[in-house]
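S.K.: give me a model of this one.
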Amino acid sequence: MNGFANKNLDLDIVERARRGDMRAHEIIFSTFRAPVYSLLARMTGSTATADDLLQETFIEVIRSIDRFRGDASLATWIRKVAVSKCLMHMRSAWQNRATLFRDLGENHPATQPRIDGEASLLQVHIDLERVLARLSDVSRVVVILHDIEGYTHREIAQLMGKSVSFSKSQLARAHRRLRQAIETGTRESSLGTGGHT
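M.R.: Predicted structure coming up:
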């Protein structure tokens, strides 16, 4: 579940949220804001869209908190709400033949300065984000849901209204493109540092 791991709250807070306790709503928002935003930014490739969908997600979470039964963790439930909001938004964009994904720009989370122990790990992360940004809308969503968020092909198929084989083929195609792009980038990088005088 990526950033959602270890993000759980006492059921008492959920009960308070059900009763309309504003402080409980704030606790839920502050606990899950970062992982929800990260997921939405990755899926859409747009910080502006992620901001909008973040608000929509938490409006839905607070409005629908009565439907949370505790069968899964609160983190899992909130993640599903976020993915659902994102996919609804994207379906609308796809139906209008509009592209939702944008090229990585200065405001994309992957290009923001980070303080990491290893600069090389940061570069790999940025390179991977750039390669992901070049995938088609559908392929990128499948990669993020399957490889990063841990959804099964069956779950992805249900979310997207497609077949399991569709999800598998999209993932296989995306993995091929990612491998090719990374191999090309690695070759170009080694040529660039090959010691030409």
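S.K.: so where's the chain uncertain?
M.R.: The chain contains residues with pLDDT under 70 at 1-3, 5-6, 91-129, 182, 185-197.
S.K.: how does it look with 90?
M.R.: 1-11, 41-49, 66-73, 75-76, 80, 84-151, 157-162, 173-197 (pLDDT under 90).
S.K.: identify the residue nearest the geometric centre of it.
M.R.: Among the residues of the chain, residue 39 comes closest to the average C-alpha position under C-alpha atoms, centre = their mean, at 2.5 Å.
S.K.: neighbours around residue 180, how many?
M.R.: Counted with other C-beta atoms under 10 Å, residues neighbouring residue 180 total 11. The C-beta positions use only the backbone N, C-alpha and C, and glycine is treated the same way.
S.K.: where's it, which helix or strand?
M.R.: If you go by DSSP states H and E, residue 180 is part of helix 164-192.
S.K.: need the phi and psi values for residue 162.
M.R.: phi -120, psi -180 (degrees, to the nearest 10).
S.K.: separation between it and residue 143?
M.R.: 15 Å (C-beta to C-beta, to the nearest Å).
S.K.: how many neighbours does residue 35 have?
M.R.: Residue 35 has 20 neighbours, counted by other C-beta under 10 Å.
S.K.: before we move on, what about residue 69?
M.R.: 7.
S.K.: next, it: secondary structure please.
M.R.: coil (DSSP: H, G, I helix; E, B strand; the rest coil).
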